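**Student:** fold the following for me, if possible:
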Amino acid sequence: MLDEKICELREKLNRSISDGKDYSIIYELSIELDNLISKFYEKKLNLV
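**Tutor:** You can find the predicted model right below:
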């Protein structure tokens, strides 16, 4: 589930970069992606 969300958000971020979206949008997507990746690894390492 988290890995699917990560893939979807990564694709959205890549499209935003390719489309030349505003930096603030790209930055927010990047932060959101980082947070999901952190949650994924926390769960994988049983830290949560």
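**Student:** host element of the spatially most central residue of the chain?
**Tutor:** Closest to where the C-alpha atoms of the chain average out (C-alpha atoms, centre = their mean) is residue 33, at 1.7 Å. Assigned by DSSP states H and E, residue 33 falls within helix 23-44.
**Student:** which residues sit against that helix?
**Tutor:** Applying C-beta atoms under 8 Å, 6 or more residues apart in numbering, the contact partners of helix 23-44 are 2-3, 5-6, 9-10, 12-13, 16-17, 48. No exception for glycine: its C-beta is placed from N, CA and C like everyone else's.
**Student:** I'd like the distance between the residue nearest to the centre of the chain and residue 46.
**Tutor:** Distance of residue 33 to residue 46, computed by C-beta to C-beta, to the nearest Å: 22 Å.
**Student:** over to residue 30?
**Tutor:** Distance, residue 30 to residue 46, using C-beta to C-beta: 26 Å.
**Student:** looking at these two, which is more packed in?
**Tutor:** Ranked by neighbour count (other C-beta atoms under 10 Å), residue 30 and residue 46 place residue 30 first, with 15 against 6.
**Student:** quick one: the more buried one from residue 7, how far?
**Tutor:** 15 Å.
**Student:** try residue 21
**Tutor:** In this view, residue 21 and residue 7 are 19 Å apart by C-beta to C-beta.
**Student:** show me which of these two is the more surrounded one.
**Tutor:** Set residue 21 next to residue 7 and count neighbours by other C-beta under 10 Å: residue 21 wins out with 14 against 11.
**Student:** how about the more buried one, phi and psi?
**Tutor:** phi -60, psi 160 (degrees, to the nearest 10).
**Student:** which ones are touching it?
**Tutor:** Not one residue lies near residue 21 by C-beta under 8 Å, 6+ apart.
**Student:** list the buried residues of stretch 7-23.
**Tutor:** The neighbour-count check on stretch 7-23 (16 or more other C-beta atoms under 10 Å) flags 9, 13, 16 as buried.
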